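Novice: Let's see this in three dimensions:
(2 chains)
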2 protein chains.
Amino acid sequence: MLDVCLLGTGGMMPLPYRWLTSLMMRYNGSTMMIDCGEGTQIAVREKGWSVNPVDVICFTHYHGDHIGGLPGLLLTMGNAERREPLTLIGPAGLEKVVGALRVIAPELPFPIIYQEIRDPEQDFSVKGWNIHAFRVNHRVTCYGYSITIPRAGRFQPDRARALGLPLPAWGRLQHGQTVEIDGKIYTPDMVMGADRKGLKVTYATDTRPTSLIVKNAAAADLCILEGMYGDDALLPKAREKKHMTFSEAATIAQTADPRPAELWLTHFSPSMNRPEEYLEQTRKIFAGTIVPKDGRTKVLNFDDE
Amino acid sequence: MLDVCLLGTGGMMPLPYRWLTSLMMRYNGSTMMIDCGEGTQIAVREKGWSVNPVDVICFTHYHGDHIGGLPGLLLTMGNAERREPLTLIGPAGLEKVVGALRVIAPELPFPIIYQEIRDPEQDFSVKGWNIHAFRVNHRVTCYGYSITIPRAGRFQPDRARALGLPLPAWGRLQHGQTVEIDGKIYTPDMVMGADRKGLKVTYATDTRPTSLIVKNAAAADLCILEGMYGDDALLPKAREKKHMTFSEAATIAQTADPRPAELWLTHFSPSMNRPEEYLEQTRKIFAGTIVPKDGRTKVLNFDDE
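Specialist: From the prediction side, this is the model:
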């Protein structure tokens, strides 16, 4: 079970009743976030979740509305006597930017592990989170993320029996371990079926549309994309500032093959008071579009769970 | 008319429905603030005031809950195409700390003027604000502030007539200008009565009680002091962390000579859910105590306005 919460839906500046865009996900006892603008720790608390189990924070880029809440979050984690390491992932410059912001959070009782993205696409694995970073197209270096939870195939008792494996070996193989019996090596693939469909969440904001976003949106259970402007007339402004309109985000979802199950728009311009006004026209492009409110949550389950 | 708004009442970390402690004041077309923690710009907007006319921000010290909202505020001012200079006042290290935080707000369309406090007590005058900084006693260098709006004496037409001054000179002298007529110099004090009582607001947080706070609280129209803990049993903790209890703040107000007209407590510990529970016991020490909610506003007028 993967819990997904879009803590906020705002872009540029936090507003009363609209937190800045940030994604939080919980799976198997670990929590991760993408982006952490000013006020994000309040949004977490308002949602009733906790920042203490956060093991990983990914940053799309270092504009203030995506990282300005980090020092406060670190201080709050420190006040809670956190000891576990925190992994931060982001474009090159991560350690320098966070180091500067830590002028107001210099002493923390936990270590920070920095993982800087160097390639156009790069994979990270932290605490069970499979994180695929992919470069997008903004005014500064910016990345989107696909988070996947893989799922092994089913255990095949017939094959285990045929191999003459004793029962105690079954569980170990099922959990991915290699087993040696009488000098013979047994590997999980010998008793497991093909990998089953896992879970996938894709997140990209502060970008123009790109083919790499389309590729990453494919087959996502949930795709969260920037919708800075609902009004198509603002496309020139979106182009100039390197943001996306609702229609552009919906076109990405519609073009992806296979299409994502659901599209959430986010990073709304502060000038857009009622983004839901543009929902109907956007659903004509991609029917699975949702214009979420802050704190929208979804529980993703494996197919037969 | 001096508009005073205590934007938030929280200490340490922002909470849903409790912004971090920050004071905002408007007078004669200019706005000033003291402290700017994470979320302060949202509190301003929620209050319906604007950050754009802010000419001065004073910082008590550089713990995250007092300055973490500055980069976001600067970005928001920049997005509004501000051109006017912004003066920042704070303990030594101001330019270094703000410079580091500006890693996420590097390009601004307005200049920042840094005024670092070097002495135990120091005066600043910016845009009509008379700002008196006074050192307090915290774990790091920390200052309180007394803001005063002086008020000239009444114009004395009898004296002006006795001096044989022509009418056009009256207004200039009344507005503080020196006038020369037939080679003779006339100064405002020749036609003005003694200075009348002005307005005074004193603000001190993140400190143990000190005699300098008592001195600065004297005769204040409004005194805003830290009340980290309502429960007197937490006095040892207040001593250790260098904060104040409600009782200690009230004792300062009670000891000041003359006493401030009103005492607002602020910088409540996140662990204190209902600070108003301690109001009654605190009023036994100083009757003019108020336990404010976020956004509490007061309009201060000159005596006979």
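Novice: Relative to chain B, how far out is residue A:243?
Specialist: According to C-beta to the nearest C-beta, to the nearest Å, residue A:243 and chain B sit 14 Å apart. Heads up, the C-betas are built off the backbone N, CA and C, glycines and all.
Novice: Just give the nearest non-adjacent residue to that residue, would you?
Specialist: Setting aside the residues directly before and after it, residue A:243 is nearest to residue A:228 in space (C-beta to C-beta, 6 or more residues apart in numbering or on different chains), at 3.7 Å.
Novice: isn't the one you found right next to residue A:242, touching?
Specialist: No. Contact between residue A:228 and residue A:242 fails when scored by C-beta atoms under 8 Å: they sit 9.5 Å apart.
Novice: Spit out the contact partners of the residue of the stretch 151-300 of chain A found nearest chain B.
Specialist: The stretch 151-300 of chain A approaches chain B most closely through residue A:270 (8.6 Å), counting by C-beta to the nearest C-beta. Neighbour list for residue A:270: A:10, A:11, A:12, A:13, A:15, A:18 [criterion: C-beta atoms under 8 Å, 6 or more residues apart in numbering or on different chains].
Novice: Likewise for residue A:82?
Specialist: Applying C-beta under 8 Å, 6+ apart, we find residue A:82 in contact with A:52, A:108, A:109, A:110.
Novice: The nearest residue to residue A:117 once chain neighbours are set aside is in what secondary structure piece?
Specialist: In this structure, residue A:117 finds its nearest non-sequential neighbour in residue A:133, 4.8 Å apart by C-beta to C-beta, 6+ apart. Here residue A:133 is covered by strand A:129-135, with elements defined by DSSP states H and E.
Novice: tell me what that strand is packed against?
Specialist: Judged by 3 or more C-beta pairs under 8 Å, 6 or more residues apart in numbering or on different chains; DSSP states H and E, strand A:129-135 is in contact with strand A:30-34, strand A:54-58, strand A:121-126, strand A:143-151, helix A:211-217.
Novice: circling back: state whether the residue of the stretch 151-300 of chain A closest to chain B is indeed within a strand.
Specialist: No. Judged by DSSP: H, G, I helix; E, B strand; the rest coil, residue A:270 forms no part of a strand; its state is coil.
Novice: what does chain A have sitting close to chain B?
Specialist: Contacts of chain A with chain B, taken as C-beta under 8 Å from any C-beta of the partner chain, map to A:12-16, A:37-39, A:41-42, A:45-46, A:62-65, A:67-69, A:71-72, A:75-76, A:79, A:96-97, A:100-101, A:103-105.
Novice: Ignoring the adjacent residues along the chain, who's closest to residue A:302?
Specialist: In space, and not counting its chain neighbours, residue A:302 is closest to residue A:151: 5.7 Å by C-beta to C-beta, 6+ apart.
Novice: Pull the number of nearby residues for the one you found.
Specialist: 14 (other C-beta atoms under 10 Å in any protein chain shown).
Novice: sorry, back to before: how about JSON lines for the contacts of residue A:270, with pLDDT added?
Specialist: As requested, those are exported to JSON lines (pLDDT from 0 to 100):
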{"residue": "A:10", "pLDDT": "98"}
{"residue": "A:11", "pLDDT": "98"}
{"residue": "A:12", "pLDDT": "97"}
{"residue": "A:13", "pLDDT": "97"}
{"residue": "A:15", "pLDDT": "97"}
{"residue": "A:18", "pLDDT": "98"}
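Novice: nearest to chain B, of the residues you listed?
Specialist: Relative to chain B, and with distances defined as C-beta to the nearest C-beta, the nearest of the contacts of residue A:270 is residue A:13, at 4.9 Å.
Novice: What backbone torsions are found at the closest one?
Specialist: Residue A:13 adopts backbone torsions of phi -150, psi 150, taken as degrees, to the nearest 10.
Novice: Would you map the helices across the stretch 51-200 of chain A?
Specialist: For the stretch 51-200 of chain A, the helices defined by DSSP state H, counting those that start in this stretch occupy A:64-67, A:70-79, A:94-101, A:157-162, A:167-174.
Novice: Please name the residues that touch the nearest residue to residue A:149 once chain neighbours are set aside.
Specialist: Leaving aside its sequence neighbours, residue A:149 sits nearest to residue A:199 (C-beta to C-beta, 6+ apart; 4.3 Å). Contact partners of residue A:199, counting by C-beta under 8 Å, 6+ apart, are A:2, A:148, A:149, A:151, A:221, A:300, A:302.
Novice: Going through these, which ones are buried?
Specialist: With neighbours counted using 16 or more other C-beta atoms under 10 Å in any protein chain shown, the contacts of residue A:199 contain these buried positions: A:2, A:148, A:149, A:221, A:300.
Novice: what's around residue A:172, how many residues?
Specialist: Residue A:172: 14 neighbours (other C-beta under 10 Å).
Novice: you'd agree it is up against residue A:181?
Specialist: No. Residue A:172 lies out of contact with residue A:181 (C-beta under 8 Å); the separation is 10.7 Å.
Novice: what's the pLDDT at the residue of chain A most remote from its centre?
Specialist: Centroid-distance maximum for chain A: residue A:182 at 44.7 Å, with C-alpha atoms, centre = their mean. pLDDT, residue A:182: 89.
Novice: what residue ranges in the stretch 51-200 of chain A score low on pLDDT?
Specialist: Scanning the stretch 51-200 of chain A for pLDDT under 70 picks out nothing.
Novice: nope, the stretch 201-305 of chain A is what I meant
Specialist: For the stretch 201-305 of chain A, the stretches with pLDDT under 70 are A:305.
Novice: ok so, going back, out of residue A:228 and residue A:242, which sits in the busier spot?
Specialist: Shown here are residue A:228 and residue A:242; by other C-beta under 10 Å, residue A:228 has more neighbours (28 against 16).
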